[in-house]
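Asks: Starting from these lines, generate the structure:
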Amino acid sequence: MSTTATAGSASPGRMVARGALILLPMTAWWVTRTFSAWVIMWTMAGSEFAALKLVTLTAVDWRTASWSRVLAYLTLWPGMDAGVFLRDHAARSPVARLGELGFALLKLCGGLLACVWAARNAGVGSPLLVGWIGMVGIIFTLHFGLLHLISWLWRRAGVEAPPIMRAPIAADSLSDFWGGRWNKAFADAARRFLFRPSVRLLGARGAGALVFLVSGLVHETVISLPARAGWGGPTAYFLLQGAGTREKCPRLDLDGNLDRRAAAPPLSSAFCPSGHRPFVPNPEPTPPMNAELLLKLASLTYLGLIAAGLLMPRVTGLWAESKKMSPFAQGLFRTYYAFIGLCLVGFGLGSWLFAAELADGSTLARAVCGFLSLFWFLRLYAAIRLLDVRPYLTGSWRRVGYQATNVVFGALPFLYAWLAFRR
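Replies: Alright, predicted model coming up:
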């Protein structure tokens, strides 16, 4: 089928759909304004999602598609590129391997486990810790798990439905992160209906800033409005992100594609807090962080580090290179390699089995935590300044793994330092 937009940008269908962008959220707010905050949040998000679905649908020649496909686009697919989804045949043969299904299910199950843990510990543990784990659990359940599974099912059925989340942890800049890796659905809609119409009037930079401003305002309606607090936090956050993408990556083409080859601020600034308050108007004072629980969570990250260490020789061809050494040097290298691996095993097991002892604040516990903090600070320095692994990051999975290990290298030294020096 042809999905080219029909002529006449002011057609009745499009005018109704655009009017729904205002009327549906306003109606949702009016109906649920006396309800609980979480009900208002989900209703507002659902109304805005439905309105945007209508806008994207009426922008293409949807009448030539089957009613079942149109209904599926509106209700069973979170993406916003109607022209691609409604094609009779995918332009490219969709790839949906069984391994990808397993990965989607793993993320979904992991997110559900985190949500269950947060629900069971709500009101018992530290609200800050429980809230963060619950939020991460929701993101992995919905954004990375369920949406990936839906994409896999559609592609398995022969429909072009690329994943909404495209390995955002593999992004090498804010431009790459927001330009198509995080929430591709909103990125596609914003590029078509907001960036392109305004770029000739405002220029590429101005249009890009407008997209981030509108994104902030949308998040105000689904966070600040239900919470009745934290006004301006989401908007300030997204404006900060927009400024970050312009800092060292100013080139935007007329299609709204960011120049991802240029350097940009560190990706970690994509996650800096927006200063938003929770949905509780007057939260109770936050009790101290559960140090024992944090240590046990940290010990689990050692499993990933050990796995990375086992895979590293194969990726870098380390064993083949070591064979060029003298027998003594080769044996010494393998001994140190095994020694480091055993250290990681010992650090991980110690952090799990002796979490209570390491968290009790004794002199010995502080000394051990201080040593581990120094160890991981030096390892972080080596990762940043000494070890250039870029020639080996030839695929998305390798980049994801590398970024994940860097996150661990950055978190462990501060955790152990906090345990060593806290009062």
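Asks: Ranking helices and strands of this structure by mean pLDDT, which lands last?
Replies: helix 174-176 (a mean of 80; mean pLDDT, DSSP states H and E).
Asks: In that one, which residues are buried?
Replies: Leu174, Ser175, Asp176 (16 or more other Cβ atoms under 10 Å). C-betas here are computed from N, CA, C, even on glycine.
Asks: For Leu412, see how far away the last one is.
Replies: Pointing back at Asp176 there. If you measure Asp176 against Leu412 using Cβ to Cβ, to the nearest Å, the figure is 26 Å.
Asks: Pretty sure Phe144 sits against Gly111.
Replies: Yes. Using Cβ atoms under 8 Å, Phe144 makes contact with Gly111 at a distance of 7.1 Å.
Asks: and the two? which has more neighbours close in?
Replies: A side-by-side neighbour count of Phe144 and Gly111, using other Cβ atoms under 10 Å, places Phe144 first with 24 against 21.
Asks: give me the low-pLDDT residue ranges for this structure?
Replies: When the per-residue scores of the chain are filtered using pLDDT under 70, the ranges that remain are 1-12, 89-94, 246-289, 423.
Asks: residues near Ile223, how many?
Replies: Burial of Ile223 is recorded as 22 neighbouring residues (other Cβ under 10 Å).
Asks: Quick one: residues contacting it.
Replies: Taking Cβ atoms under 8 Å, 6 or more residues apart in numbering, we find Ile223 in contact with Met41, Gly230, Gly233, Pro234, His276.
Asks: Just the buried residues of these.
Replies: By the neighbour-count criterion of 16+ other Cβ under 10 Å, the contacts of Ile223 include these buried positions: Met41, Gly230, Gly233, Pro234, His276.
Asks: And the residue at minimal distance from the centre of the chain, how far from Val400?
Replies: For the chain, the residue lying nearest the average C-alpha position, counting by Cα atoms, centre = their mean, turns out to be Pro168 (5.4 Å). Taking Cβ to Cβ as the criterion, Pro168 is separated from Val400 by 9 Å.
Asks: cool, Val60 as well?
Replies: When distance is defined by Cβ to Cβ, Val60 is 33 Å away from Val400.
Asks: So those two - more neighbours on which side?
Replies: Neighbours per residue (other Cβ under 10 Å) separate Val60 from Val400, with Val60 holding more: 22 against 16.
Asks: so that one makes contact with Asp81?
Replies: No. No contact is recorded between Val60 and Asp81 when judged using Cβ under 8 Å, the distance being 9.1 Å.
Asks: tell me which residues in the helix or strand encompassing Pro413 are buried?
Replies: Take DSSP states H and E as the rule and Pro413 turns out to sit in helix 396-421. The neighbour-count check on helix 396-421 (16+ other Cβ under 10 Å) flags 399-406, 408-409, 411-413, 415-417, 419-420 as buried.
Asks: Check stretch 38-53 too.
Replies: So stretch 38-53, judged by 16+ other Cβ under 10 Å, has buried residues Ile40, Met41, Thr43, Met44, Ala45, Ser47, Glu48, Ala50, Ala51, Leu52, Lys53.
Asks: Of those, which belong to helices?
Replies: In this view, these that belong to helices under DSSP state H are Ile40, Met41, Thr43, Met44, Ala45, Ser47, Glu48, Ala50, Ala51, Leu52, Lys53.
Asks: ok, how many other residues are close to the residue lying closest to the fourth one once chain neighbours are set aside?
Replies: Distance criterion Cβ to Cβ, 6 or more residues apart in numbering; nearest residue to Met44, sequence neighbours excluded, is Val222 at 4.9 Å. Neighbours of Val222 under the rule other Cβ under 10 Å: 21.
Asks: Isn't Val222 up against Ser47?
Replies: No. Counting by Cβ under 8 Å, no contact exists between Val222 and Ser47, whose distance comes to 9.7 Å.
Asks: Over to the residue nearest to Ala291 when sequence neighbours are not counted: give its phi and psi.
Replies: The shortest distance from Ala291 to any residue other than its chain neighbours is 3.7 Å, reached at Ala359 (Cβ to Cβ, 6+ apart). The phi and psi torsions at Ala359 (degrees, to the nearest 10) take the values phi -100, psi 0.
Asks: dump the residue contacts of Ala359.
Replies: Taking Cβ under 8 Å, 6+ apart as the criterion, Ala359 is in contact with Ala291, Glu292, Leu295, Ala365, Leu419.
Asks: from the residues you listed, which would you call buried?
Replies: Neighbour counting with 16+ other Cβ under 10 Å marks Ala291, Leu295, Ala365, Leu419 as buried within these.
Asks: any idea which helix or strand comes after the least confident helix or strand of the chain?
Replies: Counting by DSSP H and E, the element that comes right after helix 174-176 along the chain is helix 184-190.
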